[in-house]
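[1] Got a sequence here, can you build the structure:
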Amino acid sequence: MSTVRTVLAMRTRPGCEERFEAEWLAAAEKIGALDGCLRQDLVRDADDPRSYLIISDWADRERLDAFGRSAQRDELLRVIRDLRESAQRHTYQVLHSMRGEPQEDR
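    Numbers count the residues shown, from 1 in each chain. Presented below is the predicted three-dimensional model:
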């Protein structure tokens with residue numbers, strides 16, 4: 001088994017950015033406690049504040065797919081779906097990870 005990473009590109013409806021971020025944080029806390037969820041990140045496009053990436057790492061594809069088919073997923077993400085204008089998801093197998101050198105404060 002190998003780690004998988006999902007990247008979900010989302011664009012919010014106009015004026016929904018703050019609520020989207022708050023709802024994502026609430027859902028992410030619960031999803032993060034699930035078996036197999038290793039990490040989640042929400043990042044916003046520096047040039048388009050309505051465009052986000054939700055990046056999550058899972059221990060394996062089986063546990064990711066089980067969550068993806070669950071009623072719990074539907075419940076947790078229901079509000080987020082109502083706030084978005086579009087969404088596109090891709091799943092990747094993580095082959096290698098490299099850490100950078102820690103940066104000293106300047």
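[2] helices and strands of the protein: which one has the lowest mean pLDDT?
    helix 71-83 (a mean of 88; mean pLDDT, DSSP states H and E).
[3] Can you give the distance of the helix or strand harbouring Phe67 from its chain's centre?
    Assigned by DSSP states H and E, Phe67 belongs to helix 61-68. Its chain's C-alpha centre and that of helix 61-68 lie 14 Å apart, by C-alpha atoms, centre = their mean, to the nearest Å.
[4] what comes into contact with that helix?
    1, 4, 6, 31, 34-37, 58, 73, 91, 93 (C-beta atoms under 8 Å, 6 or more residues apart in numbering). For every residue, glycine as well, the C-beta is placed using N, CA and C.
[5] How about stretch 3-12?
    20, 38, 48, 50-61, 64, 80, 83-94.
[6] Could you tell me which of those count as buried?
    20, 50-52, 54-58, 61, 64, 80, 83-84 (16 or more other C-beta atoms under 10 Å).
[7] farthest pair in those?
    The largest separation in those, counting by C-beta to C-beta, is between Arg50 and Arg61 at 30.4 Å.
[8] Tell me the secondary structure at the spatially most central residue of the chain.
    Nearest residue to the geometric centre of the chain (C-alpha atoms, centre = their mean): Ile54, 2.9 Å. Judged by DSSP: H, G, I helix; E, B strand; the rest coil, the three-state class of Ile54 is strand.
[9] surely it meets Glu23?
    No. Assessed by C-beta atoms under 8 Å, Ile54 is found out of contact with Glu23, at 11.6 Å.
[10] CA atoms of the longest helix seen in the chain as CSV?
    Determined from DSSP state H, the single longest helix within the chain is helix 17-32. Extracted in CSV, the C-alpha atoms of helix 17-32 (Å, rounded to 0.1, in the frame of the first residue of the first chain):
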residue,chain,number,x,y,z
GLU,A,17,-15.0,32.9,0.7
GLU,A,18,-15.1,33.4,4.5
ARG,A,19,-17.9,31.0,5.1
PHE,A,20,-16.3,28.4,2.8
GLU,A,21,-13.0,28.6,4.8
ALA,A,22,-14.9,28.3,8.1
GLU,A,23,-17.0,25.3,6.9
TRP,A,24,-13.9,23.6,5.5
LEU,A,25,-12.1,24.0,8.9
ALA,A,26,-15.1,22.5,10.7
ALA,A,27,-15.3,19.5,8.3
ALA,A,28,-11.5,19.0,8.2
GLU,A,29,-11.3,18.6,12.0
LYS,A,30,-13.7,15.7,11.8
ILE,A,31,-12.2,14.2,8.6
GLY,A,32,-8.7,14.4,10.2
